[in-house]
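build the 3D model from these lines:
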Amino acid sequence: MDMRFPLATVLALAVPVTQAAVSDTDNRQVELAGVKTHFKMPEYASRKEWEARKAKLREQILSAAGLLPMPERSALRPKIVKRVTCPDYVIETVLLETLPGYFLGGNLYLPRARKEPAPGVLIPHGHWKRGRLEDQPSYSVPALGINLARQGYVAFAYDMVGFNDTSQTPHSFGGWEEELWSFNPMGLQLWNSIRAADYLQSLPEVDGRRIAATGGSGGGTQTFLLAAVDDRIGYAAPVNMVSAYMQGGDPCEEAPGLRLDTSNVEIASMMAPRPMLLVSSTHDWTRHTPLEEFPEIRRVYELYGAAENVRNVHVDAEHNYNRQSREAVYRFFATTMLRRHEPGDLRDKDVTLPPEEDMLAFPKTASRDVGGYNDVFQAWKIAAILGMQAGAQVDMRRDALRLALSAEWPGQVESNAIGRRIVLSRTGIGDRVPGYWVAGKGAPVLVVHPSGSIAALRIEAVQKILHSGRPVLVMEPFTSTRTRQERERLDAYFLTYNRSDDANRVQDILTALAFLKGQGNGKPELIGMGDAGVWCVFAAAIAPVGVRLVVDLNGFGGTDKDFHDRFFVPGIQRAGGLNAALGLVNHVQTLITARGQAEAQSGDEGVVNTGANVQAAGH
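This is a model prediction of the structure:
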């Protein structure tokens, strides 16, 4: 595919390069974030600045969830399995087909007396053992649903994945193949929440313009994630979960790429300026909310002139969604959704629950004629492939890969050169990209060898390019000081908060290309040897400038195993994989077509001499 960039675009993408003192350490090696990192909320000077950040965060969440582009909203085929009628409310047990062959279970709580369409409330539950049926003093989903119905709302309490009726997958699942396809409990659950909102809006009993979400603990996480990506959620009340000190720690709250350079506080702020109540507790990780998280979120609301739209109620209790917390939510919904200046008597009234078998679509003794885990995974992959095929626009495909890689074209590059040795860094990031640098004239060349500059410089053809008079940078690839296994032993959700090594390598190639845009003239030439060829393909695919690409793919065919073994980036297959990347590159020349036909050892073991091929590419 030949993609050309207008001159104005190329000039606009010219990156300022400054001579500056580059840090002696790479932050990516020492500042590793995790579930219990104390995150500081950035400050935003204007609404415009925040809106730009919010748009990026929304894409980041959807990418991590495997929902970018959004799958087709297939028919939900709602099925009312059971109905329990009480004097002032009705409980329906419902099944929704959120993906073809995959079913979400829930209970719909409806008021009996209301004649006009009512506001709708989504209730994702937390990690209590009985899920949406849990009923105890510290936490009760049925008490919340029944009392909301008594107050005039239609409330839908639905399962988290792996709970109650929604057990085609376990609650905790995944592996390296699932990570490549962004198939994770968080994403599947977020998709279920989006489809649950579709369901509420489809009901004649519901006013589709007034949809709220509230949940405690893991349900609180789901509440603010849903509100962040779905503007239909006009009101939100996450309970005991928005914290700068603890981000989740459960599979349905974590996913590779979800919290790269962000935290729950910033994600919850995406609700602004829509009304939101933060319920916090004195005896869990939200104990600082009145003094830290709430003021930080309120500053974002102030950018809209809507500081009054965010509130905080601090409850003296252990981790909970108890009576006191529920009553705070009732008052919030009454004054915002119902716009009652005097909410009236909104005490949490006692409830009597029907037998468990009357609340479940699939009681424990019932058989289930539904597909299992592999069927759901397959449905997810099909939905992903169809979504990518439907969104054939170049920008969409490039964005999908860019977000999976979490890579950027730098706004400014700093450099520090001593003789032929140079170190590059993105301004304000604190990363380091070392290399061997020769200034010159003409089209610049970037050489990337998996074993680094010393191995590359021993190749005769690279030496010829260095003496060609052109600007040449031979880059050192990023190498972590710890193996992936070591890092994941330190934090099971390492990739939720940190990029993979291969993603960092792609970023470094982009940083080097941005530096070279200010050196010499003409289209940069990017030469990738050995396994670095794959890194270079993906860097060239998402670079916003034309690149002449010369690579050695060494038999890399783009299978799941290829990505696992040689280029591990979560979500890369979901974003289109190798075919998408090659389709976005404007010029590709093959360095080696078969490893065995052109290998020859240089002075170091494992270094491939690709002399003739590189020499041809360098002319």
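
quick one: the helices in the stretch 101-250 of the chain?
141-150, 176-180, 185-202, 218-229 (DSSP state H, counting those that start in this stretch).

from those helices, which stretch is densest packed?
Mean neighbour count (mean count of other CB atoms under 10 Å) peaks for helix 218-229 among the helices of the stretch 101-250 of the chain, with a mean of 27. (Glycine included, C-beta is placed from N, CA and C.)

kindly reformat the helices of the stretch 101-250 of the chain as TSV containing mean pLDDT and distance to residue 475.
Shown next, in TSV, are these (pLDDT from 0 to 100; distance: least, CB to CB, whole Å):
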stretch	mean pLDDT	distance to residue 475
helix 141-150	98	54
helix 176-180	98	26
helix 185-202	98	34
helix 218-229	98	36
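
in JSON lines, list the ones you listed along with distance to residue 582.
Output for those, formatted as JSON lines (distance: least, CB to CB, whole Å):
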{"stretch": "helix 141-150", "distance to residue 582": "49"}
{"stretch": "helix 176-180", "distance to residue 582": "17"}
{"stretch": "helix 185-202", "distance to residue 582": "26"}
{"stretch": "helix 218-229", "distance to residue 582": "30"}
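
ok, now which ones touch the closest residue to residue 306 other than its chain neighbours?
In space, and not counting its chain neighbours, residue 306 is closest to residue 273: 3.8 Å by CB to CB, 6 or more residues apart in numbering. Contacts for residue 273 (CB atoms under 8 Å, 6 or more residues apart in numbering) come out as 301, 304-306, 309.

equivalent analysis for residue 268, please.
With contacts defined as CB under 8 Å, 6+ apart, residue 268 is in contact with 224, 227-228, 238, 242, 276, 278, 293, 297.

correct me, but residue 307 touches residue 301?
Yes - the criterion here is CB atoms under 8 Å, and residue 307 meets it with residue 301 at 5.0 Å.

more neighbours: which of these two?
More crowded of residue 307 and residue 301, by other CB atoms under 10 Å: residue 301, with 20 against 16.

contacting residues for the more buried one?
272-273, 307, 309-310.

turn the contacts of residue 273 into a markdown table, including pLDDT and secondary structure.
Shown next, in a markdown table, are the contacts of residue 273 (pLDDT from 0 to 100; DSSP: H, G, I helix; E, B strand; the rest coil):
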| residue | pLDDT | secondary structure |
| --- | --- | --- |
| 301 | 98 | helix |
| 304 | 98 | coil |
| 305 | 98 | coil |
| 306 | 98 | coil |
| 309 | 98 | helix |
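
redo those residues as CSV? Include distance to residue 91.
Output for those, formatted as CSV (distance: CB to CB, whole Å):
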residue, distance to residue 91
301, 36
304, 38
305, 41
306, 36
309, 32
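
just the buried members of those residues?
The neighbour count (16 or more other CB atoms under 10 Å) marks 301, 309 as buried among the contacts of residue 273.

just name the closest of the contacts of residue 273 to residue 444, please.
Distance to residue 444, by CB to CB, is smallest for residue 304 among the contacts of residue 273, at 44.9 Å.

distance check, the residue nearest the centre of the chain against residue 221.
Centroid-nearest residue in the chain, with CA atoms, centre = their mean: residue 64, separated by 2.7 Å. Distance, residue 64 to residue 221, using CB to CB, to the nearest Å: 13 Å.

that older thread, most widely separated two among the contacts of residue 273?
305 and 309 (9.6 Å).

and the residue nearest to residue 306, which of the three is it?
The three-state label for residue 273, taken from DSSP: H, G, I helix; E, B strand; the rest coil, comes out as coil.

check residue 425 too.
strand.

show me what contacts it?
Counting by CB under 8 Å, 6+ apart, residue 425 touches 20, 22-23, 413-415, 431-433, 511.

hmm, try it at 7 Å
22-23, 414, 431-433 (CB atoms under 7 Å, 6 or more residues apart in numbering).

how about those in a markdown table, adding pLDDT, neighbour count and distance to residue 206?
Shown next, in a markdown table, are these (pLDDT from 0 to 100; neighbours: other CB atoms under 10 Å; distance: CB to CB, whole Å):
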| residue | pLDDT | neighbour count | distance to residue 206 |
| --- | --- | --- | --- |
| 22 | 82 | 19 | 57 |
| 23 | 80 | 16 | 54 |
| 414 | 95 | 22 | 54 |
| 431 | 95 | 21 | 49 |
| 432 | 96 | 22 | 54 |
| 433 | 97 | 27 | 53 |
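
would JSON lines of those residues with distance to residue 465 be doable?
Shown next, in JSON lines, are those (distance: CB to CB, whole Å):
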{"residue": "22", "distance to residue 465": "25"}
{"residue": "23", "distance to residue 465": "30"}
{"residue": "414", "distance to residue 465": "25"}
{"residue": "431", "distance to residue 465": "26"}
{"residue": "432", "distance to residue 465": "24"}
{"residue": "433", "distance to residue 465": "19"}
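
just those residues now: which is nearest residue 70?
So of the contacts of residue 425, ranked by how close each gets to residue 70 (CB to CB), first place is residue 431, at 32.0 Å.

next, give phi and psi for that closest one.
The phi/psi pair for residue 431 (degrees, to the nearest 10) reads phi -90, psi 170.

my guess is it contacts residue 27. True?
Yes - when contacts are counted by CB atoms under 7 Å, residue 431 is listed as touching residue 27 (6.2 Å).

average pLDDT for stretch 328-338?
For stretch 328-338, the mean pLDDT works out to 96.

in it, what's buried?
By neighbour count on 16+ other CB under 10 Å, the buried set for stretch 328-338 is 328-337.

how about the CA coordinates for it, as PDB?
This file holds the C-alpha atoms of stretch 328-338, laid out as PDB (Å, rounded to 0.1, in the frame of the first residue of the first chain):
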ATOM      1  CA  ALA A 328     -26.700   8.100  50.600                       C
ATOM      2  CA  VAL A 329     -27.200   6.800  47.100                       C
ATOM      3  CA  TYR A 330     -31.000   7.100  47.300                       C
ATOM      4  CA  ARG A 331     -30.700  10.700  48.300                       C
ATOM      5  CA  PHE A 332     -28.200  11.400  45.500                       C
ATOM      6  CA  PHE A 333     -30.500   9.800  42.800                       C
ATOM      7  CA  ALA A 334     -33.600  11.600  44.200                       C
ATOM      8  CA  THR A 335     -32.000  15.000  44.000                       C
ATOM      9  CA  THR A 336     -30.300  14.500  40.600                       C
ATOM     10  CA  MET A 337     -32.400  12.000  38.600                       C
ATOM     11  CA  LEU A 338     -35.800  12.900  40.100                       C
END
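
now find how far off-centre that stretch is within its chain.
31 Å (CA atoms, centre = their mean, to the nearest Å).

now do that stretch: everything it contacts.
With CB under 7 Å, 6+ apart as the test, stretch 328-338 has contacts from 119, 147, 151, 210, 212, 214, 235, 237, 275, 277, 279, 311, 313, 340, 343, 346.

now which of the residues you listed would you call buried?
Of those, these count as buried by 16+ other CB under 10 Å: 119, 147, 151, 210, 212, 214, 235, 237, 275, 277, 279, 311, 313, 346.

now, those residues that are in strands?
Among those, the members found in strands (DSSP state E) are 119, 210, 212, 214, 235, 237, 277, 279, 311, 313.

turn those into TSV, columns for distance to residue 184.
Below are these laid out as TSV (distance: CB to CB, whole Å):
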residue	distance to residue 184
119	31
210	31
212	26
214	24
235	27
237	25
277	28
279	27
311	32
313	32
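
tabulate the residues you listed (JSON lines), appending distance to residue 36 and pLDDT.
Shown next, in JSON lines, are those (distance: CB to CB, whole Å; pLDDT from 0 to 100):
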{"residue": "119", "distance to residue 36": "37", "pLDDT": "97"}
{"residue": "210", "distance to residue 36": "37", "pLDDT": "97"}
{"residue": "212", "distance to residue 36": "30", "pLDDT": "98"}
{"residue": "214", "distance to residue 36": "25", "pLDDT": "98"}
{"residue": "235", "distance to residue 36": "30", "pLDDT": "98"}
{"residue": "237", "distance to residue 36": "25", "pLDDT": "98"}
{"residue": "277", "distance to residue 36": "25", "pLDDT": "98"}
{"residue": "279", "distance to residue 36": "21", "pLDDT": "98"}
{"residue": "311", "distance to residue 36": "27", "pLDDT": "98"}
{"residue": "313", "distance to residue 36": "25", "pLDDT": "98"}
